[in-house]
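Q: A predicted structure for the sequence below; I have some questions about it.
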Amino acid sequence: MPIITSSESADRLLSALSEQLDASGDSYELVVIGGSALLALGVIKRATTDIDVLAFRDDATFIKANPFPPALSAARERVSRDFGVPLQWLNPGPADLIDLGLPDGFAQRLQARTYGAALTVQFASRLDQIHFKLYALADQGPGKHESDLRALAPTRDELLQAARWARTHDPSEGFEQVLREALSHLGVEDVDLGA
């Protein structure tokens, strides 16, 4: 069941999270991707079920978000209880993407929003969302990832850049074939997916 229906509903949850963190003397800088980030950027209008945390940012360093530290988990749980939303409203589902590397220039393109004194959220940029959504489309199939990707209106060059990055995460022949099919479905044919 969708719980984040607009950027305003995400803002309410994140502001409440900041209040909980501030009350316990903690603070975080989260890097967020996925549907909630697309809502925040005004790219999509569809509702989503959660806020996907890729990493924590500490100056120029990204720290994998899985697992959440105890203080963040406790604050998330209190927000879940207070707002009557599932505990997984904030989760580190995409955190494994960080293991094999982020797109070149990712850190410089992040778009920051501050929610009170204890929380800053860095939303992935449009270009980086194209990378993640193409990878998800090839990995998981059509549906929300395809519709989100179409809403991002990527150029041919952006799709090729994203496809080459996706190949660094899965260099198998099977994934390359699925990726080529996804690109063809998006109108991009006969491409060189080498580095």
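A: Perfect, thanks for sending it. Numbers count the residues shown, from 1 in each chain.

Q: I'd say Glu19 and Gly116 touch.
A: Yes. Counting by C-beta atoms under 8 Å, Glu19 touches Gly116, with 6.1 Å between them. Yep, even glycine has a C-beta here, placed from its N, CA and C like the rest.

Q: mind checking which helix or strand Leu21 is in?
A: Here Leu21 sits within helix 7-23, counting by DSSP states H and E.

Q: Leu127 versus the residue nearest in space to the middle of the chain, what's the distance?
A: Centroid-nearest residue in the chain: Ile33, 1.3 Å away (criterion: C-alpha atoms, centre = their mean). Going from Ile33 to Leu127 by C-beta to C-beta, to the nearest Å gives 12 Å.

Q: Run through who's touching stretch 86-99.
A: Stretch 86-99 is contacted by residues 3-4, 13, 17, 33-34, 49-55, 62, 64-68, 76-77, 79-80, 83, 132, 135, 169 when judged by C-beta atoms under 8 Å, 6 or more residues apart in numbering.

Q: Quick check: the gap between the residue nearest to the centre of the chain and Glu176.
A: Ile33 is 23 Å from Glu176, by C-beta to C-beta.

Q: What sits closest to Gly75 if chain neighbours are left out?
A: Quick fix: residue 75 is Ala, not Gly. Gln20 (3.7 Å; C-beta to C-beta, 6 or more residues apart in numbering).

Q: Quick check: Phe62 is in a strand.
A: Yes. The assignment for Phe62 is a strand, going by DSSP: H, G, I helix; E, B strand; the rest coil.
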